[in-house]
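Undergrad: everything below, folded, please.
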Amino acid sequence: MSKFGFVCIAGLPNAGKSTLINALVGEKVAIVSWRPQTTRNKILGVTGGDGWQAAFIDTPGIHDARNKLGEYMMKSVAGALKDVDCVLYVVDASRGLRKEDAKFLETNSGKYPVVVAVNKQDAVTQTTLFETLSALTAYPEIKAVVPMSAKRGDNLDDLRKELVALLPEGEPMFPEDMYTDSSLRFMAAEIVREKALYLLDKEVPYGIGVYIQKFSFRENQGICDILADVVCEKQSHKAIVIGKGGATLKKIGEAARADLEQLVGCQVYLELYVRVKSEWRDSEFLMRELGYDPKDLKD
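TA: Just a heads-up that it's a prediction; the model follows:
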């Protein structure tokens, strides 16, 4: 008997969803940052074992949308919840069960089989962890609650077993060596954006997008050429992204290049330019240019 299913990973911003999907898959399929709303698209990560395969869908953090990009992100969450076999809901143990978590569980734990991962258990006291676990007993329809740490890998096997138990019978849908359906261009843009998130001033990252102008391999030379635009919303932000004498942009490029070379398996020549596109997060046309097309999402 073989098992296969789609698992939607949901939760509030900064709960650790992207770190968790990377840990479950064993490959980097989603960028990670301490900043909320790092993930903007649905991202698929595929993994499997003896007699089973699961496709994990990482989703943006649940939040109140304040612009068209925010609306796109929340629509992508709603779309990801359609036709899934179970939901893996991630709670940040360091923040406890918040009212937004409670609202999601009240609304959805009866619709789908839900497993709750209480993440970051390594960052809290046993008393704090117990309080969160006790609060979750108010939702009897939850199939399992697993305290764990995605960063350290604590209890990852226990979480995986609970999820596999909920998968329906079915043949694997993806090749064994496939770990994501994201294109190399998409992943390259996300890697550049991840490094920008780490290095930029607090108010800039939410308005940062990355557009890949060129992505090509030189035939028989083992070199990949990547030309990317780092897009920001204000002229004042452009100066921050570039930094004094280009220092910040250079750091972004150096950090991104190391991950890109690991991604493509060869030497990478990376060129970054900074462009200003005013209020792009409220322009569907500019959002589409940067890879956030509302037409791609299910109604």
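
Undergrad: restricting to C-alpha, output stretch 220-231 in PDB.
TA: What follows is stretch 220-231, C-alpha atoms only, in PDB (Å, rounded to 0.1, in the frame of the first residue of the first chain):
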ATOM      1  CA  ASN A 220      30.200  23.800 -21.900                       C
ATOM      2  CA  GLN A 221      31.700  26.500 -19.500                       C
ATOM      3  CA  GLY A 222      30.200  25.600 -16.200                       C
ATOM      4  CA  ILE A 223      29.100  29.200 -15.600                       C
ATOM      5  CA  CYS A 224      25.600  30.700 -14.900                       C
ATOM      6  CA  ASP A 225      24.900  34.300 -15.700                       C
ATOM      7  CA  ILE A 226      22.200  36.000 -13.600                       C
ATOM      8  CA  LEU A 227      21.100  39.600 -14.000                       C
ATOM      9  CA  ALA A 228      18.600  40.800 -11.400                       C
ATOM     10  CA  ASP A 229      16.700  44.000 -10.500                       C
ATOM     11  CA  VAL A 230      16.200  44.700  -6.800                       C
ATOM     12  CA  VAL A 231      13.000  46.700  -6.800                       C
END
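
Undergrad: that one: how far from the chain's middle?
TA: On the basis of CA atoms, centre = their mean, to the nearest Å, the separation between the geometric centre of stretch 220-231 and that of its chain is 23 Å.

Undergrad: ok, and for that stretch, which residues are buried?
TA: C224, I226, A228, D229, V230, V231 (16 or more other CB atoms under 10 Å). All C-beta spots, glycine's among them, are computed from the backbone N, C-alpha and C.

Undergrad: list the helices and strands whichever strand or helix holds the second one packs on?
TA: Spelled out, that is I226. Here I226 sits within strand 223-232, counting by DSSP states H and E. Strand 223-232 sits against helix 184-199, strand 209-218, helix 235-242, helix 247-264, strand 267-276, with contacts defined as 3 or more CB pairs under 8 Å, 6 or more residues apart in numbering; DSSP states H and E.

Undergrad: which among those is found nearest to T137?
TA: Comparing the helices and strands packed on strand 223-232 against T137 with CB to CB, the closest turns out to be helix 184-199 (36.2 Å).

Undergrad: quick one: that closest one to helix 235-242, angle?
TA: Helix 184-199 and helix 235-242 are oriented at 90 degrees to each other (axes from the mean of the first three to the mean of the last three CA atoms, to 10 degrees).

Undergrad: what's helix 184-199 packed up against?
TA: strand 209-218, strand 223-232, helix 247-264.

Undergrad: which one of these is the most hemmed in?
TA: Most buried of those, by mean neighbour count (mean count of other CB atoms under 10 Å): strand 223-232, with a mean of 21.

Undergrad: partners of it, with directions?
TA: Sheet partners assigned to strand 223-232 using DSSP bridges are listed as strand 209-218 (antiparallel), strand 267-276 (parallel).
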